[in-house]
Every structure is written in C-alpha cells, then in structure tokens.
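Peer 1: Dropping the sequence and predicted coords here.
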Number of protein chains: 2
Amino acid sequence: MLASVQIPLSMLVVFASAKLLSELFERFGQPGIVGEILAGILIGPHVLGWMAPNEILDILSDLGVMFLLFRVGLEVKASQLVKVGGTALLVAVAGVVLPFLCGWGISALWGEPELESIFTGAAMVATSVGITAQVLAGRGLLRTRAAGVILAAAVVDDVLGLIVLAVVSGLARGAANYVDIGLTGLLAMGFVFLLAKFGTRTVKHVVPRVRSRLNLPEGDFAIAMTLLFALSLLAVYAGVAAIIGAFLAGMALSESAEPRLQDMTSGVSELLVPFFLAGIGLHFDLSAFATASTLGLAGLIVLAAAASKFVGCGLGAAGMGRTDAVRVGVGMVPRGEVGMVVAQIGLNMGVIAHSVYGIIVFMSVATTLIAPPLLKLAFRQATRAEEEIVARLG
Amino acid sequence: MLASVQIPLSMLVVFASAKLLSELFERFGQPGIVGEILAGILIGPHVLGWMAPNEILDILSDLGVMFLLFRVGLEVKASQLVKVGGTALLVAVAGVVLPFLCGWGISALWGEPELESIFTGAAMVATSVGITAQVLAGRGLLRTRAAGVILAAAVVDDVLGLIVLAVVSGLARGAANYVDIGLTGLLAMGFVFLLAKFGTRTVKHVVPRVRSRLNLPEGDFAIAMTLLFALSLLAVYAGVAAIIGAFLAGMALSESAEPRLQDMTSGVSELLVPFFLAGIGLHFDLSAFATASTLGLAGLIVLAAAASKFVGCGLGAAGMGRTDAVRVGVGMVPRGEVGMVVAQIGLNMGVIAHSVYGIIVFMSVATTLIAPPLLKLAFRQATRAEEEIVARLG
C-alpha cells in the first residue's frame, strides 16, 4: 500500500512506448534505437503530453548511458584501442576543430552576437558515443577496426570538448585562465591515459586475488560494480564525463569478465538504456521554432553539424581507406546529450538566448536520429566478410 | 565532462560499504543482509555522516525492493501458494490482530494519547516480506512449505494492513467512512485474487504468442519488464504496495521464464537491492531517543513487535507442526520500510509526535535486523533433508 504511483507510472509509460516503437522500427528494417528516441518525443510535452521529464527519468537516463558505456567497454580490449591511437587522435582533433569553426562561422554570418556564436560552435564539438556504440553493439560490430577508432576517438573527443568548454566559459566570464585550463586538460588526459594503459593489467592482476578471498555471493558482480562507480566518480573529478570512466572500467574488466557478469550487466543495461534514449526525445523542445528565421538557422546548423563532423573525422581516418573513413565519419556524427549540456551551461550563464538553446537541442537530437540509419548503411557492404575476420581474430 | 558528481558518488559510497559489511558478516557466519542494513546506519547522518538519504538513493531503493520481489516471484509457482492459502490466511490475520493490540495496549498503558497509541499499533501490523525473501532466496529455500506460507501470508498481510491504515487514518480525520474502506479492501483483494488465480495461466497462454512475433532483440526481457511495471502500477491503483504487483508479476512469469531472463533480472536486483537494504539503515534516526523514558518505551515496543508477530503467525501456522510454525513466525517478524511509511503518514497528519515516529522507525529497523539470524537458526536443522525434498519435487 501507500507506495508512490510515480515510479511505476513513469517506468511503464517510457519503457513500454520505447520498446513498442523500437519493435515497429525493427519490423520495417529501421534501427530500433531511432524508434526509442522518437518514442520520447512522441510521449513528451510537445506531442502527446503523456510524460514530462522528471527526476526519476533523469536519474534512470544517467544510469542508462553509464551502463551502456560500461557494457561496451566490456566488449572492447584496451590493446585494440591503443593500436589505433594515432588515427583516433587525428580523427578526434579534426572532428573537433571543423565543427567548432562551422558552428561559430554560420552563427556569426547569421548575425548572432560574438559570444553566442562561439558557444554554438562549442556545443557542436562533442560526440555522444552512446548512440553509435549501441548500434554497433546490437549488430556485433564492436570489434571491427572502425569501431575501435570511433571508441578511442570519442574518448579523446571528450577530453578536447572539456578543454573547449573551459576556454569558452572562461571567455564568457570575461577572461580565460589558461593555466587552470591547461592543468584541467592535463589531469583529464592523465586519467584517461593511465587507465587505458595500465587499467587492464592491474585489474587482471588484482581482481582474481580479491575475488578468491570473498565469501560474498555474486562477488564478481560486486567488484565490477564497485570498479564501475569508482572510475565513473574519478572521471568526474578528473573533469571528463562519468561515462568515460564507465567505459574505461568496462575495458579494464574486459579480459577477466565471466559470461555470467556479461549477462547480469546486459540485464541492467537492457532495463536502463531505453530511459536514456527516450530521455533524449523527452527533452526535445519544439517551442523555440517560433519564427521562420530560427527554423532556417536550425536547418543550417544541423546540416553543418552533420557534415563538419563527417568530413573532419572522415579526413582524420583517411589513412584507413575509404570504407572505414566513411564509417568513422558517420559514427562520430551524433551529439546526443553532450551538446545539450553545453547549451544548458550557456543558457545558465546568460550567454545564449532561449532560441539558440532550442536550436542546439534540435541539432543534438537531429544528428542523433540520422546517425543510426546511416551507420547501418555504412556497415552493410562489408559486414559479412568483416564479421568472419572478427570471429577469427576474437 | 560536466556530469553531476552526485550519482556516481552516492552509488559508490552506498554500494561499496553495503557489500563490504556484507562480506564481513558472511565471513563471521552472519547473514550478509544484516551487514548491508548496518552499513546504511554506519555511513548515515547519525554515525559517520558520509551520506544522507537523497532522492537518487530513495528511487534506487524503491526499485530495489520492486526487483527483489519480482525475482522472488519468478522462483515461486502460484499453485504452491494457493495450496497453502488457508494456513496463510490464518497466519496473516493472527499476525495482524495480535501486534495491533499489543502496540495499542503498550502505548496506551505508557500514557500516550489514544490516537497516537492506535497509530503505533497500526505501524506494527505490516510485515516487510523483502528481508525474509532475500534471506530465503539466498539460501535456495524459497520452495519450502514454510516459505510458501510466509509469501502468501505477506500478500494477505499487505491487504489487511491497507484496511487497518484506512480505518486508522479515517479515525484521525474524525470519522472513518466504512463503505469506502470496505470498497478499498474489496478492490485490493480482488486484484490479488484474480492475479494469483489466473495470472500464470494467462501469461503462459499470451506471452509466447507475443514473443514469437517480436523482431525486437531481448524481446523476452522487454515483455517481462512491461508486465512488471504494469502490474506494479495496477497494484498501487488497487491500493496495495507496488511490490505486491511486482511479486505477482514474477509469479505469473515463473512457469514461462527462460534461464536468461532469470540471469538478467538477477543482475538488476544484485545492483539495486543493496540500495534498499542500506536505505533502511540510512533512514534510521537516533535523535528521537533523548530521554530514558522514550528509550524504555522503544525497547518495549521492539520486544512486543517481535513477540506478537512471532506468536500470532506461529499460532496461525500451528497446524504445520512446530518446526514450520517457528519458521513462519520468525519469517514474518521484519517490518522494514512499511512501518516507517505508516509512521510518516501519522507524522504528516499531525497525529503522532516526533518521538513516537522515532520509536516506530527504531522498531522497524530493529525487527528487520534480528530476523535474518533467527531465520538462519530456524531453517538450519532441517535444511539438508528439506533441500532434497525440494530438489525431488522441483
């Protein structure tokens, strides 16, 4: 008796509609993930109005993307990423510089104020790797070479995004403290580098010893969760996203994880990921597009966001050949929740107008929606041949 | 970048300390579950002060107990409960009447106001089946006869608790509307009866048909979660606890659930249940015990709460023989979160004083802490022989 209605109601409406639209999309050969995001838009405040974003859903969404990246990390070996490190660095840098310049330039040419234009550029920088990772994981393609480059580049991209945001926020406050920003960047890079380099080895050495001494039932799972939360927290303290820590935690465990741990983790992520995906849709706000002028700018920004990331990252990956370069370019397109967070900060600092905030959110959702079908296309041609290679190597 | 520190911090501190104390308790042959509750008290505001209850933890705790009961339901067959229905009814009724009279009587003899005494009695009524279910599930004893009676009685107990609370709140408002209360009780009983009676058969008939037509990956899990949320929500609408709906959803699925669904569900519950257990400890408030008088009353109430439930339920189960009657009596002792909710309502209505609220919370936590070791004892003697019977029958 007495229990609040809010938790089961929110969960039922969001989960069931996400899965229903996912089923419809799969039935017509489209990526289910797009259906889950659209479900959020559909039930959200601007269409059917069945559900508004609330604290429960936001928490489940944050946990969802954390577990999504953790599960992806579990399927990726650190050595696989280190091998493609050089290419990933090129991809990440080109994929940050080009979108930033594009966003800034278009917004400035459109006549927006200087600082607002710079913020728009900054919001176009960060790739949200969750969407691509979910598509590739669903199709068993995480161990392809292109997937390795995308994942490694997304990690670097997050560090670069952190630096760009620090600089831009500094400018908005009147003066950027470049020493502080340099230190922040160094800390973030140090965290990622140390974990990627030594994480797996340390875990392989330490975890079995701890585990063998535990009397706890499901000790494996308890250790994995503790590592996940600890590295997510450390990542936030180091200045990068919690999900980067979650990804690195998964990767560190990837060589010692038992199948049972994989099954239990996929239970958690199957439950929570729909809240992340539908949550993107729930936060989608159409009210910003009151005038034809903002609509035009929004269209232009979406095109520029997709094209600049595709071209920048594609060029960075040119050394891998045309097929893989296209895959990497497409895989880096979704901005997901990260662009929205930048826009939120700009809004809170009073630097960007509500209409520009709306445009950035629109860009984030739109780039996230177009990526999965394009990814499906980009990975179609060579899928069968490559899966065999992966199977032989794995 | 930018992600809030609160989610990973809360999760790390609560999860890791719960598991650490659970490990310590298991190492010394004590039930890990007691360690997890004590971890909540230890890190909570009144001892170390590392963590205060917050919205994230409360949501995870609510989800935790929901998944705990769902998983327990998955291991229980409806026919097992229906078979012991008569005994369970006796156990539940005697286990409601005796604690209510005891709580009321002691409080009144101690000189508390009439209405406050009645509320104290009402808060002593409801058994929190989560704790006992967790102990029995952990030891593979859910299919014993005593476990069946405990689970069925806990469901009936929840309906009776609902009626008692409705009457008591009505009295507090000045007049109880007995027609409304009767209808509420009937609705709750109808919901439970229909689901227990026809749930399994319907699910067995419908779910495989739906599943076979789904293109969705992990369609089994999606169906199970939708059923879980839908029945939890319906339970709340019918007036009983969401966890009763969760339990009935699990039971309805128990005959058609694949092992993979079990593994995925146990991943979710392994993650979330520690937040439920430590959450009980986190809400433990020592500040109410300022005077020796309240301390005396608190001790008396705890003793009465444990003894009256044990005697009432034990007498109800007397027909099963002494061993099983003791097991049932002990299994019904924990009050967990349910007593706290009743106390909270009384506090909000201005009917009970803060000191009485503190006493009820103390009683809830104390009865929850003493049950697991007693359960271990009660189930020790015959465990081996019975496990064989269960294995042969299962």
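Peer 2: Everything's here; your move.

Peer 1: Excluding covalently adjacent residues, which one is nearest to the residue most central in space within chain A?
Peer 2: Residue closest to the average C-alpha location in chain A (Cα atoms, centre = their mean): A:S128, at 2.6 Å. In space, A:S128 comes closest to A:G336 once its chain neighbours are excluded; the distance is 2.6 Å by Cβ to Cβ, 6 or more residues apart in numbering or on different chains. Every residue, glycine included, has its C-beta placed from N, CA and C.

Peer 1: and A:M124, how far is that from chain B?
Peer 2: Using Cβ to the nearest Cβ, to the nearest Å, A:M124 is found at 15 Å from chain B.

Peer 1: Give me the phi and psi angles of that residue.
Peer 2: Note on A:M124: backbone dihedrals following degrees, to the nearest 10 are phi -90, psi 0.

Peer 1: so how far is A:M66 from it?
Peer 2: Taking Cβ to Cβ, to the nearest Å as the measure, A:M124 falls 24 Å from A:M66.

Peer 1: Equivalent analysis for A:L151, please.
Peer 2: Counting by Cβ to Cβ, the separation of A:L151 from A:M66 is 16 Å.

Peer 1: quick one: A:A16 and B:L228 touch, right?
Peer 2: No - contact criterion Cβ atoms under 8 Å: A:A16 and B:L228 do not qualify, at 10.7 Å.

Peer 1: for the longest helix seen in chain A, packing partners?
Peer 2: For chain A, the helix with the greatest residue count under DSSP state H is helix A:178-213. Contacts defined by 3 or more Cβ pairs under 8 Å, 6 or more residues apart in numbering or on different chains; DSSP states H and E place helix A:178-213 against helix A:78-83, helix A:145-173, helix A:219-238, helix A:242-253.

Peer 1: A:L115: which of those helices is closest?
Peer 2: A:L115 lies closest to helix A:145-173 among those, at 5.9 Å (Cβ to Cβ).

Peer 1: For the longest helix of chain A, buried residues please.
Peer 2: Buried residues in helix A:178-213, counted by 16 or more other Cβ atoms under 10 Å in any protein chain shown: A:181, A:184-185, A:187-189, A:191-192, A:195-196, A:199-200, A:203, A:207.

Peer 1: which one of the residues you listed is nearest chain B?
Peer 2: A:A188 (8.0 Å; Cβ to the nearest Cβ).

Peer 1: is it true that that closest one touches A:A241?
Peer 2: No - in this structure, A:A188 is not within contact of A:A241 by Cβ under 8 Å, at 10.0 Å.

Peer 1: Give the residue spans of chain A that score low on pLDDT.
Peer 2: Low-confidence segments of chain A, defined by pLDDT under 70: A:1-3, A:176, A:287-290, A:381-394.

Peer 1: who touches the closest residue to chain B within the stretch 51-200 of chain A in this structure?
Peer 2: Closest residue of the stretch 51-200 of chain A to chain B, Cβ to the nearest Cβ: A:L162 (4.2 Å). Shown in contact with A:L162 (Cβ atoms under 8 Å, 6 or more residues apart in numbering or on different chains): A:184-185, A:188, A:239-240, B:1.

Peer 1: Export stretch A:147-163 to PDB, keeping only CA atoms.
Peer 2: C-alpha atoms of stretch A:147-163 as PDB (Å, rounded to 0.1, in the frame of the first residue of the first chain):
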ATOM      1  CA  ALA A 147      34.500   0.700 -34.200                       C
ATOM      2  CA  GLY A 148      37.900   0.700 -32.300                       C
ATOM      3  CA  VAL A 149      38.800   4.100 -33.900                       C
ATOM      4  CA  ILE A 150      35.300   5.500 -33.100                       C
ATOM      5  CA  LEU A 151      35.500   4.500 -29.500                       C
ATOM      6  CA  ALA A 152      39.100   5.700 -29.000                       C
ATOM      7  CA  ALA A 153      38.400   9.000 -30.800                       C
ATOM      8  CA  ALA A 154      35.200   9.500 -28.700                       C
ATOM      9  CA  VAL A 155      37.300   9.300 -25.500                       C
ATOM     10  CA  VAL A 156      39.900  11.800 -26.900                       C
ATOM     11  CA  ASP A 157      37.000  14.000 -28.100                       C
ATOM     12  CA  ASP A 158      35.500  14.100 -24.600                       C
ATOM     13  CA  VAL A 159      38.800  15.500 -23.300                       C
ATOM     14  CA  LEU A 160      39.000  18.000 -26.100                       C
ATOM     15  CA  GLY A 161      35.400  19.000 -25.500                       C
ATOM     16  CA  LEU A 162      36.200  19.600 -21.900                       C
ATOM     17  CA  ILE A 163      39.100  22.000 -22.800                       C
END
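
Peer 1: Distance from that stretch to the middle of the chain?
Peer 2: Relative to its chain's centre, stretch A:147-163 lies at 10 Å (Cα atoms, centre = their mean, to the nearest Å).

Peer 1: Same check on stretch A:267-278?
Peer 2: Using Cα atoms, centre = their mean, the offset of stretch A:267-278 from its chain centre is 14 Å.

Peer 1: do it and chain B meet?
Peer 2: Yes - Stretch A:267-278 comes into contact with chain B (Cβ under 8 Å from any Cβ of the partner chain), by way of A:267-268, A:270-271.

Peer 1: got the CA coordinates for that stretch in PDB?
Peer 2: C-alpha atoms of stretch A:267-278 as PDB (Å, rounded to 0.1, in the frame of the first residue of the first chain):
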ATOM      1  CA  GLY A 267      20.100  -7.100 -17.800                       C
ATOM      2  CA  VAL A 268      20.800  -3.800 -16.200                       C
ATOM      3  CA  SER A 269      21.600  -2.000 -19.400                       C
ATOM      4  CA  GLU A 270      18.500  -3.600 -21.200                       C
ATOM      5  CA  LEU A 271      16.400  -2.100 -18.400                       C
ATOM      6  CA  LEU A 272      18.000   1.300 -18.300                       C
ATOM      7  CA  VAL A 273      19.100   2.200 -21.800                       C
ATOM      8  CA  PRO A 274      15.600   2.800 -23.100                       C
ATOM      9  CA  PHE A 275      15.300   5.600 -20.400                       C
ATOM     10  CA  PHE A 276      18.500   7.200 -21.900                       C
ATOM     11  CA  LEU A 277      17.200   7.000 -25.400                       C
ATOM     12  CA  ALA A 278      13.600   8.100 -24.800                       C
END
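
Peer 1: how about the residues of the stretch 251-394 of chain A near chain B?
Peer 2: Taking Cβ under 8 Å from any Cβ, the part of the stretch 251-394 of chain A that reaches chain B is made up of A:260, A:263-268, A:270-271, A:338, A:341-342, A:345.

Peer 1: follow-up on the earlier one: will you turn the buried residues of helix A:178-213 into CSV that also has distance to B:L20?
Peer 2: Formatted as CSV, the buried residues of helix A:178-213 follow (distance: Cβ to Cβ, whole Å):
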residue, distance to B:L20
A:I181, 38
A:T184, 32
A:G185, 35
A:L187, 28
A:A188, 29
A:M189, 32
A:F191, 25
A:V192, 28
A:L195, 23
A:A196, 28
A:G199, 22
A:T200, 25
A:V203, 19
A:V207, 16
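
Peer 1: quick check, nearest of the residues you listed to A:L297?
Peer 2: Looking across the buried residues of helix A:178-213 and measuring by Cβ to Cβ, the closest to A:L297 is A:I181, at 29.4 Å.

Peer 1: is it true that that closest one touches A:L165?
Peer 2: No - the pair formed by A:I181 and A:L165 falls short of the contact definition of Cβ under 8 Å, at 9.7 Å.

Peer 1: Which ChimeraX command selects the buried ones in the residues of the stretch 251-394 of chain A next to chain B?
Peer 2: To isolate the buried members of these in ChimeraX, using 16+ other Cβ under 10 Å:
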select /A:263,264,265,266,267,268,270,271,338,341,342,345
